[in-house]
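A.B. asks: Just a sequence and a predicted model for now, questions to come.
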Amino acid sequence: MASIFSRIVAGEIPSYKVAEDDKFFAFLDINPLAKGHTLVIPKREVDYFFDLTDEEIGAMQIFAKKVATAIKEAFPCVKVGQAVLGLEVPHAHIHLVPMQSEKDMLFTNPKLKLTAEEFAEIAQKINSSLPQ
Ligand code: 5GP
(Lines give C-alpha, C1' and ligand atoms only; values in the text may rest on other atoms or scores of the structure.)
Protein backbone atom coordinates (compact mmCIF):
# COMPACT_ATOMS: atom_id res chain seq x y z
CA MET A 1 0.00 0.00 0.00
CA ALA A 2 1.46 3.33 -1.08
CA SER A 3 1.91 6.01 1.55
CA ILE A 4 -0.45 8.95 1.61
CA PHE A 5 2.41 11.09 0.28
CA SER A 6 3.08 8.70 -2.64
CA ARG A 7 -0.62 8.98 -3.45
CA ILE A 8 -0.27 12.76 -3.40
CA VAL A 9 2.67 12.54 -5.83
CA ALA A 10 0.60 10.24 -8.07
CA GLY A 11 -2.25 12.78 -8.05
CA GLU A 12 -4.64 10.29 -6.41
CA ILE A 13 -5.02 12.61 -3.41
CA PRO A 14 -5.15 16.36 -4.04
CA SER A 15 -2.48 18.68 -2.68
CA TYR A 16 -1.36 22.26 -3.06
CA LYS A 17 1.80 21.66 -5.06
CA VAL A 18 4.64 24.13 -4.72
CA ALA A 19 7.43 22.49 -6.76
CA GLU A 20 8.41 19.22 -8.41
CA ASP A 21 11.30 17.65 -10.27
CA ASP A 22 11.99 14.06 -11.30
CA LYS A 23 13.00 12.97 -7.77
CA PHE A 24 11.33 15.36 -5.31
CA PHE A 25 7.95 16.98 -4.63
CA ALA A 26 7.00 19.96 -2.45
CA PHE A 27 3.47 20.76 -1.28
CA LEU A 28 1.75 22.70 1.49
CA ASP A 29 1.26 21.03 4.85
CA ILE A 30 -2.50 20.70 5.33
CA ASN A 31 -2.17 21.68 9.04
CA PRO A 32 0.28 24.57 8.78
CA LEU A 33 2.17 26.14 11.64
CA ALA A 34 2.44 29.31 9.54
CA LYS A 35 1.41 30.50 6.09
CA GLY A 36 3.89 28.90 3.71
CA HIS A 37 4.59 25.76 5.79
CA THR A 38 5.71 23.32 3.11
CA LEU A 39 6.69 19.65 3.03
CA VAL A 40 9.48 18.39 0.78
CA ILE A 41 9.49 14.66 0.01
CA PRO A 42 11.46 12.24 -2.13
CA LYS A 43 9.31 10.48 -4.72
CA ARG A 44 10.99 7.23 -3.71
CA GLU A 45 9.05 6.03 -0.71
CA VAL A 46 11.30 5.59 2.30
CA ASP A 47 9.92 5.88 5.85
CA TYR A 48 12.90 7.12 7.89
CA PHE A 49 14.71 10.20 6.59
CA PHE A 50 18.12 8.87 7.62
CA ASP A 51 17.54 5.67 5.60
CA LEU A 52 17.74 7.76 2.41
CA THR A 53 21.05 7.41 0.58
CA ASP A 54 23.72 10.08 0.97
CA GLU A 55 23.05 11.15 -2.63
CA GLU A 56 19.31 11.42 -1.99
CA ILE A 57 19.77 13.48 1.17
CA GLY A 58 22.20 15.80 -0.63
CA ALA A 59 19.93 16.29 -3.63
CA MET A 60 16.83 16.65 -1.43
CA GLN A 61 18.52 19.35 0.63
CA ILE A 62 19.46 21.28 -2.53
CA PHE A 63 15.85 20.98 -3.75
CA ALA A 64 14.60 22.13 -0.30
CA LYS A 65 16.98 25.09 -0.42
CA LYS A 66 15.33 26.35 -3.62
CA VAL A 67 11.89 25.94 -2.08
CA ALA A 68 12.97 27.65 1.17
CA THR A 69 14.37 30.60 -0.79
CA ALA A 70 11.05 30.95 -2.62
CA ILE A 71 9.09 30.67 0.65
CA LYS A 72 11.16 33.48 2.19
CA GLU A 73 10.57 35.70 -0.82
CA ALA A 74 6.83 34.98 -0.88
CA PHE A 75 6.36 35.19 2.91
CA PRO A 76 8.94 37.54 4.39
CA CYS A 77 10.24 36.08 7.65
CA VAL A 78 13.35 36.13 9.81
CA LYS A 79 14.42 32.72 8.50
CA VAL A 80 12.83 29.58 7.11
CA GLY A 81 13.20 26.83 9.69
CA GLN A 82 13.68 23.21 8.78
CA ALA A 83 12.60 20.15 10.74
CA VAL A 84 12.42 16.42 10.23
CA LEU A 85 9.98 14.51 12.46
CA GLY A 86 8.15 11.80 10.57
CA LEU A 87 6.20 10.51 13.56
CA GLU A 88 2.85 10.73 11.77
CA VAL A 89 3.47 9.92 8.10
CA PRO A 90 5.90 7.07 7.28
CA HIS A 91 7.30 8.73 4.16
CA ALA A 92 10.43 10.83 4.74
CA HIS A 93 9.79 14.57 4.60
CA ILE A 94 11.36 17.91 5.48
CA HIS A 95 9.15 20.59 7.03
CA LEU A 96 9.96 24.14 5.90
CA VAL A 97 8.34 26.78 8.11
CA PRO A 98 8.64 30.58 7.79
CA MET A 99 9.73 31.76 11.25
CA GLN A 100 9.30 35.10 12.93
CA SER A 101 10.62 33.59 16.16
CA GLU A 102 11.72 30.27 17.60
CA LYS A 103 8.25 29.48 18.88
CA ASP A 104 6.96 29.21 15.30
CA MET A 105 8.76 25.83 15.13
CA LEU A 106 6.80 24.32 18.01
CA PHE A 107 4.84 21.47 16.48
CA THR A 108 2.54 21.49 19.50
CA ASN A 109 1.29 24.98 18.51
CA PRO A 110 -2.30 25.25 17.27
CA LYS A 111 -2.36 24.87 13.47
CA LEU A 112 -3.78 27.48 11.11
CA LYS A 113 -7.16 26.87 9.57
CA LEU A 114 -7.05 28.10 5.99
CA THR A 115 -9.60 28.00 3.19
CA ALA A 116 -8.99 26.18 -0.09
CA GLU A 117 -8.60 29.58 -1.75
CA GLU A 118 -5.97 30.65 0.79
CA PHE A 119 -4.00 27.41 0.33
CA ALA A 120 -4.13 27.76 -3.46
CA GLU A 121 -2.99 31.38 -3.26
CA ILE A 122 -0.09 30.51 -0.92
CA ALA A 123 1.11 27.64 -3.15
CA GLN A 124 0.89 29.86 -6.22
CA LYS A 125 2.80 32.65 -4.50
CA ILE A 126 5.66 30.35 -3.51
CA ASN A 127 5.70 28.63 -6.90
CA SER A 128 5.98 31.93 -8.72
CA SER A 129 8.94 32.90 -6.50
CA LEU A 130 10.96 29.86 -7.61
CA PRO A 131 13.85 30.47 -9.98
CA GLN A 132 12.73 29.84 -13.58
P1 5GP B 1 5.21 14.22 10.85
O2 5GP B 1 5.13 12.86 10.18
O3 5GP B 1 6.39 15.02 10.36
O4 5GP B 1 5.15 14.12 12.33
O5 5GP B 1 3.93 15.03 10.41
C6 5GP B 1 3.31 14.84 9.16
C7 5GP B 1 2.83 16.15 8.60
O8 5GP B 1 2.14 15.87 7.40
C9 5GP B 1 1.87 16.91 9.52
O10 5GP B 1 2.34 18.24 9.69
C11 5GP B 1 0.54 16.86 8.77
O12 5GP B 1 -0.21 18.04 8.91
C13 5GP B 1 0.95 16.62 7.34
N14 5GP B 1 -0.02 15.83 6.60
C15 5GP B 1 -0.55 14.64 7.00
N16 5GP B 1 -1.40 14.18 6.06
C17 5GP B 1 -1.38 15.09 5.06
C18 5GP B 1 -2.08 15.16 3.81
O19 5GP B 1 -2.86 14.29 3.43
N20 5GP B 1 -1.83 16.26 3.04
C21 5GP B 1 -0.95 17.23 3.43
N22 5GP B 1 -0.78 18.26 2.58
N23 5GP B 1 -0.29 17.20 4.60
C24 5GP B 1 -0.51 16.14 5.41
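C.D. replies: Cool, the structure landed.

A.B. asks: what's the longest helix seen in the chain in contact with?
C.D. replies: As assigned by DSSP state H, the longest helix anywhere in the chain is helix 54-74. The contact list for helix 54-74 (CB atoms under 8 Å, 6 or more residues apart in numbering) reads 18-19, 21, 23-24, 26, 36, 38, 40, 42, 44, 46, 49-50, 52, 77, 79-80, 82, 94, 96, 98, 122, 125-131. All C-beta atoms are positioned from the backbone trio N, CA, C, and that covers glycine.

A.B. asks: among those residues, which are in helices?
C.D. replies: Of those, the ones assigned to helices by DSSP H are 122, 125-127.

A.B. asks: Of those, which ones also sit close to the ligand?
C.D. replies: Restricting the ones in helices among the contacts of helix 54-74 to those touching the ligand (CB under 6 Å from any ligand atom) yields no residues.

A.B. asks: ok so, going back, quick one: average confidence on the longest helix of the chain?
C.D. replies: Mean per-residue pLDDT for helix 54-74: 98.

A.B. asks: can you check stretch 13-23 too?
C.D. replies: For stretch 13-23, the per-residue pLDDT averages 98.

A.B. asks: One more: stretch 112-129?
C.D. replies: 98.

A.B. asks: Give me the contact list for it.
C.D. replies: Residues contacting stretch 112-129 (CB under 8 Å, 6+ apart): 16-19, 27-28, 31-36, 38, 67, 69-71, 73-75.

A.B. asks: And the ones in helices among the contacts of helix 54-74, which is closest to the ligand?
C.D. replies: Ile122 (11.8 Å; CB to the nearest ligand atom).

A.B. asks: Count residues in the vicinity of that closest one, would you?
C.D. replies: 22 (other CB atoms under 10 Å).
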